[in-house]
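Chemist: What follows is a predicted protein model with its sequence.
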Amino acid sequence: SQQGEEDPQALSIQEGENATMNCSYKTSINNLQWYRQNSGRGLVHLILIRSNEREKHSGRLRVTLDTSKKSSSLLITASRAADTASYFCATDNGGVDKGGSEKLVFGKGTKLTVNP
Amino acid sequence: AAGVIQSPRHLIKEKRETATLKCYPIPRHDTVYWYQQGPGQDPQFLISFYEKMQSDKGSIPDRFSAQQFSDYHSELNMSSLELGDSALYFCASSRDLAREKLFFGSGTQLSVL
């Protein structure tokens, strides 16, 4: 089954450093999304990259997608203590009318700690 | 702006009891998704509804059932609760089955003792 797998599972950095998290998946996708989750709270959508895109930026976030390797990376630049959270990738394989499903499949997440 | 509302926020139950979780989507959102997240785990898809009909089904146990009502709110009914059902249950909503951005509620933390 389609499953996003993030690495590293945990990442600890100092404020001001960059954080890079990776995600791999198994099947073809329509788009890939990144979500952030503060401890015990709901997930918040960060950014979406479509299957025909290779890179996307939003503020301090940069996402890349390599469909040939079925992988994506999320880069957070100039990290802040407030960026401490878990980050999940989620894949959308296009819906039932494209042979997929009507759901997002989440990976296991990377727990990022940014130390002040 | 209105967000996805889930209730209750916390729920403590004994084994073999039943529980009902409620989800109120963002106004004009007609699609609801339920996810289960165990401690330190990724969110696992349970079930989704579009226009009050089930649109997809995931790893939802037969002991669980769900429905979406005419006002688009959804309820997840859980019976014969087991210790392993202890988890954070999230509801998310979107419009027209659009999965490009799901809006999540704050979740219901279910503890089965």
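Modeler: Structure received. No experiment lies behind these values; they were computed from the predicted model shown.

Chemist: So which residues on chain A come close to chain B?
Modeler: A:4, A:31, A:33, A:35, A:40-45, A:48, A:88, A:92, A:95-96, A:101-109 (C-beta under 8 Å from any C-beta of the partner chain). (C-beta placed from N, C-alpha, C; glycine too.)

Chemist: Among those residues, the buried ones, what's the PyMOL command?
Modeler: Here is the PyMOL command that picks out the buried ones among these, judged by 16 or more other C-beta atoms under 10 Å in any protein chain shown:
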select buried, chain A and resi 4+31+33+35+41+42+43+45+48+88+92+95+101+102+103+104+105+106+107+108+109
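
Chemist: From the residues of chain A next to chain B, which land in strands?
Modeler: Counting by DSSP state E, the residues of chain A next to chain B place A:31, A:33, A:35, A:43-45, A:48, A:88, A:92, A:104-106 in strands.

Chemist: so which two of the residues you listed are the farthest from each other?
Modeler: The distance between the two most remote of these (C-beta to C-beta) is 17.8 Å, for A:Val44 and A:Val105.

Chemist: So in chain A, where's the weakest helix or strand by average pLDDT?
Modeler: strand A:5-7 (a mean of 71; mean pLDDT, DSSP states H and E).

Chemist: for the nearest residue to A:Thr67 once chain neighbours are set aside, what are its contacts?
Modeler: Among residues not flanking A:Thr67 along the chain, A:Ser51 sits closest, at 5.8 Å (C-beta to C-beta, 6 or more residues apart in numbering or on different chains). Contact partners of A:Ser51, counting by C-beta atoms under 8 Å, 6 or more residues apart in numbering or on different chains, are A:28-32, A:65, A:67.
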